[in-house]
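*Asks:* here is a sequence with its predicted model. Questions after.
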Amino acid sequence: MGTLSFSFDADKLRKRSDEITKGVDRAPGRSLLYATGRVRSPKDMDKPFIAICNSYIEIVPGHVHLRELADITKEEIRRAGGIPFEFNTIGVDDGIAMGHIGMRYSLPSRDLIADSAETVINAHWFDGVLFMPNCDKITPGMLMAAARTNVPSVFVSGGPMKAGVDPNGKAVTLSNMFEAVGAFKDGKISKADFLEMEKNACPTCGSCAGMFTANSMNCLMEALGVALPYNGTALAVSEERKELVRQAARRVVEVVKENLRPRDLMTKEAFDDIYATDMAMGGSTNTVLHGLAIAHEAGIDYTEEDINKIAKRTPHIAKIAPSSHWTMEDVHNAGGMPAIMNELIELGGDVFHPDRPSVTGKTIRENVAGHYSKDEEVIRPVAKAYSKQGGLSVLYGNIAKKGSVIKSAGVDPDIKEFTGTAVCFDSHDDAVKGIDDGTVKKGDVVVIRYEGPKGGPGMPEMLNPTSDIIGRGLARDVALITDGRFSGATHGICIGHVSPEAASGGEIALIRDGDKIHIDLTNRTLDLLVPDEELKERRKSLPPFTPKVKSGYLSRYQALVTSADTGAVMVGYDELVKIANLTK
């Protein structure tokens, strides 16, 4: 993309930042801009003001290097003719927050990130934004902000970490470390091997090395058209990542000149295509939650039914950790997302719409032209797909009338149905105890409820119980359903996002120990094998939900969040008015 510099003529380019830089009345504000040291002369006032929305935070390994990358972007933005202003957002590391109260803050942090980015961008009338996310809820939070503010933007993430190495010399990721906990508790690995693995599972900075939530979202940004090719796969510690950052910084100045806005890219077809890509690569179940929320902010009517339609016509061509031993580095070396998207493009317009624009200034088709798989074990051609249908499924039934989500790519391919006996837990912690003490046995369906967006609150991830099940060798023999959600590192017969959730009176609250539950992955159903009349009787004695948190941010989130099937977005103005009237 070169190192072109652009000269901006204030008379020809009407900028958002003119609101704070032009006119006699803005002289006090201009004085403050000079005080920042970013604006150095009157000529700088005529240049586009570019925000760098950075998520640097030292307790998140995917973000510890973003301080260095942000400095690179500032230099390149100034060279390209813009004035860079960096600001920060918060971040929660899901792996560190897992299994305790911290996980209740993870999903809610997505909305704080979107709100804070919106606040800074709109309060200061930036002309363009370079978003620098990497992990978990941070990427979707920034995408929501981009859709909401609709200011010309480019995304560049921090990139994935290298895989670790276990005591036997095999590549490992964070998901293996979680599963090692269950194996260690069960006496399947030694303490020495366990500690060695703990020290080496995450060897570098970057988002965790498998196709977990962070990397799923960073890959899907390429399909959405808001990030440059290889954004999702070039390693955090590579020179290629630094060059990608330089290119993104130059492009954000160009998209301001071109007035290319996020909602120009975030069309209905674009969301179809990100889910087609997601199905092809077997991404995290959290992409369902986040994609719906981003579509909501972009004003696109999108539902879980739409996602199921995409899944039914999209082949699954890449199995990446936790569904296999392949890591993000393997995917990158095999051709990255351009190779995966090219396979889908060859299937035609019913599967993928490649002639959409992107922030590169080219169409998606032009971005990926000539890129094919370099390793057909990692990225298979469509003719050798793992399955004809995608790696995620939405299941419906009398337990999940508004839907539930499973990573079908992470289920052993010969398991099409599972009928088991319900063992019910009203919290994540109780479920972990029940798995550890032997309450859960082969043939059971673990039911974890009151952990949805309202019930959790915050819809915590269930990686500890799912990893314990797998670590104890029960992946084929025990299923799990929950109104909570899963880490992208989860695999097995694990169904999340059950809607309506228990806290809202959903049918998952009516399940009792000993009930039979039937899961049908072919027909995409999830049913409680109990007569409707019996369920009606049970509902009569169902106690009202008592909120777990009564103060602080989580209490406000709990009151205002919607259901998982709508992306767990916050209620809008009309709903807020209704709530206010009801409480008068």
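*Replies:* Now that the structure is in, tell me what you want to look at.
*Asks:* quick one: contacts for residue 36?
*Replies:* Contacts for residue 36 (Cβ atoms under 8 Å, 6 or more residues apart in numbering) come out as residue 85. Any C-beta I mention is one placed from the backbone N, CA and C, and that applies to glycine too.
*Asks:* quick one, phi psi at it?
*Replies:* Main-chain dihedrals, residue 36, degrees, to the nearest 10: phi -70, psi -20.
*Asks:* can you pull out the strands in the stretch 101-250 of the chain?
*Replies:* Secondary structure of the stretch 101-250 of the chain (DSSP state E, counting those that start in this stretch): strands at 128-132, 153-155, 164-165, 171-172.
*Asks:* contacting residues around the last one?
*Replies:* If I follow you right, that is strand 171-172. Here strand 171-172 makes contact (Cβ under 8 Å, 6+ apart) with 163-166, 197, 200-201, 209, 325, 327.
*Asks:* partner strands of that strand, parallel or antiparallel?
*Replies:* strand 164-165 (antiparallel) (DSSP bridges).
*Asks:* quick check, residue 466 in a helix?
*Replies:* Yes - checked against DSSP: H, G, I helix; E, B strand; the rest coil, residue 466 lies within a helix.
*Asks:* JSON lines for the strands of the stretch 101-250 of the chain, including mean neighbour count?
*Replies:* Output for the strands of the stretch 101-250 of the chain, formatted as JSON lines (neighbours: other Cβ atoms under 10 Å):
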{"stretch": "strand 128-132", "mean neighbour count": "29"}
{"stretch": "strand 153-155", "mean neighbour count": "30"}
{"stretch": "strand 164-165", "mean neighbour count": "19"}
{"stretch": "strand 171-172", "mean neighbour count": "22"}
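*Asks:* make CSV out of these and add distance to residue 184 and mean pLDDT.
*Replies:* Below are the strands of the stretch 101-250 of the chain laid out as CSV (distance: least, Cβ to Cβ, whole Å; pLDDT from 0 to 100):
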stretch, distance to residue 184, mean pLDDT
strand 128-132, 37, 98
strand 153-155, 39, 98
strand 164-165, 16, 90
strand 171-172, 14, 89
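*Asks:* I'd like those strands written out as TSV, with distance to residue 231 added.
*Replies:* Listed next are the strands of the stretch 101-250 of the chain as TSV, based on distance: least, Cβ to Cβ, whole Å:
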stretch	distance to residue 231
strand 128-132	11
strand 153-155	7
strand 164-165	23
strand 171-172	22
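*Asks:* so for residue 361, which of those strands sits nearest?
*Replies:* strand 153-155 (10.8 Å; Cβ to Cβ).
*Asks:* closest to residue 558 out of the strands of the stretch 101-250 of the chain?
*Replies:* Of these, nearest to residue 558 by Cβ to Cβ is strand 128-132, at 28.0 Å.
*Asks:* what is that closest one packed up against?
*Replies:* The contact analysis (3 or more Cβ pairs under 8 Å, 6 or more residues apart in numbering; DSSP states H and E) places strand 128-132 against strand 49-54, helix 66-79, helix 106-123, helix 138-149, strand 153-155, helix 239-258.
*Asks:* nearest to residue 187, out of those?
*Replies:* Comparing those under Cβ to Cβ, the one sitting nearest is helix 106-123, at 31.4 Å.
*Asks:* any idea how far the closest one is from the chain center?
*Replies:* Distance of helix 106-123 from its chain centroid, counting by Cα atoms, centre = their mean, to the nearest Å, is 15 Å.
*Asks:* average pLDDT across that helix?
*Replies:* Averaging pLDDT along helix 106-123 yields 98.
*Asks:* next, the angle from that helix to strand 49-54.
*Replies:* 170 degrees (axes from the mean of the first three to the mean of the last three Cα atoms, to 10 degrees).
*Asks:* helix 106-123 vs strand 128-132, what angle?
*Replies:* 160 degrees.
*Asks:* buried sites along helix 106-123?
*Replies:* For helix 106-123, a neighbour-count test (16 or more other Cβ atoms under 10 Å) marks 106-114, 116-118, 120-121 as buried.
*Asks:* output it in CSV with nothing but the alpha carbons.
*Replies:* The C-alpha coordinates for helix 106-123 follow below in CSV (Å, rounded to 0.1, in the frame of the first residue of the first chain):
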residue,chain,number,x,y,z
SER,A,106,-16.6,-10.1,31.1
LEU,A,107,-19.6,-9.8,28.8
PRO,A,108,-20.8,-6.6,30.5
SER,A,109,-17.4,-5.1,29.8
ARG,A,110,-18.3,-5.3,26.1
ASP,A,111,-20.9,-2.6,26.6
LEU,A,112,-18.6,-0.4,28.7
ILE,A,113,-16.1,-0.6,25.9
ALA,A,114,-18.7,0.4,23.3
ASP,A,115,-20.0,3.2,25.5
SER,A,116,-16.6,4.6,26.4
ALA,A,117,-15.3,4.5,22.8
GLU,A,118,-18.5,6.2,21.6
THR,A,119,-18.1,8.9,24.2
VAL,A,120,-14.5,9.8,23.3
ILE,A,121,-15.1,9.6,19.5
ASN,A,122,-18.3,11.8,19.5
ALA,A,123,-17.3,14.2,22.3
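*Asks:* wait, isn't residue 357 in contact with residue 260?
*Replies:* Yes - contact criterion Cβ atoms under 8 Å: residue 357 and residue 260 qualify, at 7.1 Å.
*Asks:* neighbour count for these two, which is higher?
*Replies:* It is residue 260, of residue 357 and residue 260, that has more neighbours when counted by other Cβ atoms under 10 Å, with 20 against 17.
*Asks:* show me what contacts that one?
*Replies:* Contacts of residue 260 (Cβ under 8 Å, 6+ apart): 152, 357, 359.
*Asks:* which of the residues you listed lies closest to residue 179?
*Replies:* The shortest approach to residue 179 among these belongs to residue 359, at 37.7 Å (Cβ to Cβ).
*Asks:* from residue 183, how far out is residue 190?
*Replies:* 10 Å (Cβ to Cβ, to the nearest Å).
*Asks:* rewinding a little: so which of the helices and strands packed on strand 128-132 gets nearest residue 275?
*Replies:* helix 138-149 (14.1 Å).
*Asks:* so what's the gap between that closest one and the chain middle?
*Replies:* Relative to the centre of its chain, helix 138-149 is centred 11 Å away, using Cα atoms, centre = their mean.
*Asks:* mean confidence score for it?
*Replies:* For helix 138-149, the per-residue pLDDT averages 98.
*Asks:* and the closest residue in space to residue 482 that isn't next to it in sequence, its phi and psi?
*Replies:* Distances taken as Cβ to Cβ, 6 or more residues apart in numbering place residue 448 nearest to residue 482, at 4.0 Å, with adjacent residues excluded. For residue 448, the backbone dihedrals (degrees, to the nearest 10) come out as phi -120, psi 120.
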